[in-house]
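> Got a sequence here, can you build the structure:
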Amino acid sequence: MQFFPLAATTLLLTSAATLAGAEPMPPAFADLAAKVSPSVVSVASTDPVTDNGQSDDQDNGQNNDSGPDQDKATGGLTPQHAADPASDSVIPPPKAEEALGSGFVIDPAGFIVTNDHVIDGAASVTVTFQDGTILPATVVGTDKDGDLAVLKVNAGKKLPALSFGDSSKLRVGDWVLAIGNPYGLAGSTSAGIISALHRDIGEDKFDDFIQTDATINRGNSGGPLFNLAGQVIGVNSAIYSPSGGSVGIGFAIPSAMVQPAVLSLETNGSITRGWLGLSTEDVTPEIQNLLNLPSTQGALVGGVSAGGPASGVLHPGDVLIALNGAPITDPRSLMIRTAEIPSGQTATAKFFRDGSLQTASFTVTQAPPEEKPGTVPSQSPSNLTLSNIGLTVSSDAPAQIVSVTPNSQAAQAGIAVADTIQALGTQTISTGQELKQSLATLQTPVATLLIDGDDATGADPGPRWVALRVKH
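Now for the predicted structure:
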């Protein structure tokens, strides 16, 4: 084995990098930090407390290592004590508990973005700028599902505002810069790379986090994550930390989710996310083979709401693989991509139908109010026992399930009495007789049924596909 002197090895590597025209590693961040820092603020929110000095929340931001990184702490000054004349004992007065977070200006008129969990339940909110200016802030609107909030300050002048970048273009390994207020240390700046994309950590309804190893601690919540162009591509919101401090695993809400939500909050004080009027499910290998799909990627349409945005455009059995150019890998990714589209905008879907790739456009709308569950159709007195799939169904319309064979694969798949069968593969089923005839002529050993009815929890998820092996 041959060894090289360290200095010589370094020289060879440096020469190779120079010849390849490589960028400095890491890049210089000083100019970028100087440019964007004036738009980053510290956010302090005071929570109402009880007379014993305990916060109504009593969380202190310490009970969930993978949760939001907000840092709640009482003020650093020891409060003055007052003597109780009746008992001559010393009684501490109520203490205000303060949540410390971060934020950033997105409009010169004084609109500021932060996390909802930073200001949630606050009695008052103040914002501190890089130059030491402290201003009271009002809460314009909050998005609890997305953990976002918009504040407004009156600075008496135009403020330096930041712009959003396109988080859909991010790649693992891209450099990023984080600026915020960890532990009250305003203007703290750290750099790192994107470690992963589309992380679901079970924190919020629309978890689709950017994971980064840039140092993020409690108090960074609501602060911006920048790309090298100085654009905000994420809002730092959570950390994973067994110790309570940074271990190089931080999470930011991507700008694709933040930007439309913030625009709606700034304009309307509330947010109305888009709705497609679809019920979808995962593509199983059985369904992949049945529908002649190239993979199990996508969201299989089980039902289309009458009068909904996709009504007449998408059909049960279609498999969505992209929405507005963003890939759809499963039903959850479809839900998140849909949530990024404000109501009233046009969406373009790419989907498979009958083995061919197609595209279609429709206008996204607001979801209607939740409807009360409807009544179950009465059972037909004439029933058909389909022992080859473990079901008994009514012979006429609708093809309603009367009984399910105990311990059968149908029972294990969650099919229940009062469910209705709407399709077998690509063939619509209206009656039990049609189902029996279709099973008799089935060319495959697996029957893929479109089932409508409550799931095992009693909730109605809409039509869903179930694959059952047919016994002969």
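
> can you give me phi and psi for the most centrally placed residue in the chain?
By Cα atoms, centre = their mean, the mean C-alpha position of the chain lies nearest to F206, the distance being 1.9 Å. Main-chain torsions, F206, degrees, to the nearest 10: phi -110, psi 40.

> does it really touch L148, like I thought?
No. Counting by Cβ atoms under 8 Å, no contact exists between F206 and L148, whose distance comes to 10.0 Å. Using the backbone N, CA and C atoms, a C-beta is placed for each residue, glycine as well.

> Any idea how many residues pack against T359?
Look at T359: counted by other Cβ atoms under 10 Å, it has 9 neighbours.

> show me what contacts the residue nearest to the centre of the chain?
F206 makes contacts with 145-146, 257, 335-336, 339, as judged by Cβ atoms under 8 Å, 6 or more residues apart in numbering.

> same thing but at 10 Å, please
Counting by Cβ atoms under 10 Å, 6 or more residues apart in numbering, F206 makes contact with 143, 145-147, 200, 253-254, 257, 261, 273, 332, 335-336, 338-340.

> okay, and the common contacts of F206 and L148?
Counting by Cβ under 10 Å, 6+ apart, the common neighbours of F206 and L148 are 253, 257, 261.

> Would you enumerate the residues in contact with A399?
Taking Cβ under 10 Å, 6+ apart as the definition, contacts of A399 comprise 380, 384, 391, 393, 419-424, 429-436, 449.

> T114 now?
By Cβ under 10 Å, 6+ apart, the contact set of T114 is 41-43, 45, 101-104, 125, 127, 137, 139, 142, 147-151, 221-223, 235, 237.

> rerun at 6 Å
Residues in contact with T114 (Cβ atoms under 6 Å, 6 or more residues apart in numbering) are 43, 101, 103, 149, 222.

> so the residue lying closest to it once chain neighbours are set aside is in which element?
Nearest residue to T114 in three dimensions, chain neighbours excluded: G222, at 3.3 Å (Cβ to Cβ, 6 or more residues apart in numbering). For G222, there is no host helix or strand (DSSP states H and E).

> since we're on G222, how many residues are nearby?
Neighbour count for G222, taken as other Cβ under 10 Å: 34.

> same question, P182
P182 has 26 neighbours, counted by other Cβ under 10 Å.

> Quick check: V470 touching A447?
Yes. V470 lies in contact with A447 (Cβ atoms under 6 Å); the separation is 5.2 Å.

> who has more neighbours, those two?
A side-by-side neighbour count of V470 and A447, using other Cβ under 10 Å, places A447 first with 23 against 14.

> quick revisit: buried ones among the shared contacts of F206 and L148?
Buried by 16 or more other Cβ atoms under 10 Å: 253, 257, 261, out of the shared contacts of F206 and L148.

> and which of the residues you listed is nearest F352?
Minimum distance to F352 across the buried ones among the shared contacts of F206 and L148 is 26.5 Å, recorded for M257 (Cβ to Cβ).

> any idea whether the closest one is helix, strand or coil?
Under DSSP: H, G, I helix; E, B strand; the rest coil, the three-state class of M257 is helix.

> any idea how far it is from T420?
36 Å (Cβ to Cβ, to the nearest Å).

> ok, now L185?
Distance of L185 to T420, given as Cβ to Cβ: 61 Å.

> same question, Q259
Separation of Q259 from T420 (Cβ to Cβ) stands at 42 Å.

> Next: V446.
Distance, V446 to T420, by Cβ to Cβ: 20 Å.

> More neighbours: those two, which one.
Remark: of V446 and T420, T420 carries more neighbours, 20 against 17, as counted by other Cβ under 10 Å.

> where does D419 land on pLDDT?
As predicted, D419 sits at a pLDDT of 84.

> Dihedrals phi and psi, it?
phi -70, psi 160.

> who's in contact with it?
Residues near D419 by Cβ under 6 Å, 6+ apart: 401, 451, 453.

> Please narrow these to those residing in strands.
Judged by DSSP state E, strands contain the following of the contacts of D419: 401, 451.

> from the contacts of D419, which is closest to L320?
I451 (19.7 Å).

> Show me what that closest one bridges to in the sheet.
Legend: beta-bridge partners of I451 under DSSP bridges are I421, R464.

> Please renumber the chain so that the first residue is 40 from this point on.
Okay, residue one is now 40; in that scheme the one you just asked about reads as I490.

> Would you mind listing the residues in contact with it?
454, 458, 503, 505.

> Who wins on neighbours among those?
Greatest neighbour count in the contacts of I490, by other Cβ under 10 Å, goes to D458: 25 neighbours.

> mind listing the strands for the stretch 240-389 of the chain?
248-251, 263-265, 271-278, 289-293, 313-314, 317-320, 338-343, 358-362, 365-366, 385-392 (DSSP state E, counting those that start in this stretch).

> Quickly run through the sheet partners of the second one, with directions.
For strand 263-265, the paired strands and their directions (DSSP bridges) read strand 214-219 (antiparallel), strand 271-278 (antiparallel).

> Is A188 within a helix or a strand, and which one?
Element membership for A188 (DSSP H and E) is strand 187-191.

> scratch that, K475 is what I was asking about
In the assignment (DSSP H and E), K475 maps to helix 471-479.

> what does the model give the residue nearest to G347 when sequence neighbours are not counted for pLDDT?
Distances taken as Cβ to Cβ, 6+ apart place G316 nearest to G347, at 2.1 Å, with adjacent residues excluded. Among the per-residue scores, G316 holds a pLDDT of 87.

> G316: neighbour count?
G316, neighbours per other Cβ under 10 Å, totals 21.

> how distant is stretch 177-193 from the center of its chain?
Here stretch 177-193 is found 17 Å from its chain centre; the criterion is Cα atoms, centre = their mean, to the nearest Å.

> Which residues belonging to that stretch are considered buried?
178-182, 185-192.

> repeat for stretch 275-284
Using 16+ other Cβ under 10 Å as the test for burial, stretch 275-284 gives 275-280.

> in the sheet, who's paired with A365?
In beta-bridge terms (that is, DSSP bridges), A365 pairs with L362.

> from what I can see it touches I375, true?
No. Between A365 and I375 there is no contact under Cβ under 6 Å: 9.0 Å.

> Which of those two has more residues huddled nearby?
Of the pair A365 and I375, I375 is the one with more neighbours under other Cβ under 10 Å, namely 21 against 14.

> what about the helices in the stretch 340-489 of the chain?
With helices called from DSSP state H, counting those that start in this stretch, the stretch 340-489 of the chain shows them at 370-378, 448-451, 471-479.

> The strand holding A188 pairs with which strands, and in what direction?
Going by DSSP bridges, the partners of strand 187-191 are strand 150-153 (antiparallel), strand 173-182 (antiparallel).

> Using JSON lines, please lay out those together with distance to A200.
As requested, those are exported to JSON lines (distance: least, Cβ to Cβ, whole Å):
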{"stretch": "strand 150-153", "distance to A200": "8"}
{"stretch": "strand 173-182", "distance to A200": "15"}
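
> need the ones you listed in JSON lines with mean pLDDT and distance to G341, can you?
Converted to JSON lines, these look like this (pLDDT from 0 to 100; distance: least, Cβ to Cβ, whole Å):
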{"stretch": "strand 150-153", "mean pLDDT": "97", "distance to G341": "37"}
{"stretch": "strand 173-182", "mean pLDDT": "95", "distance to G341": "28"}
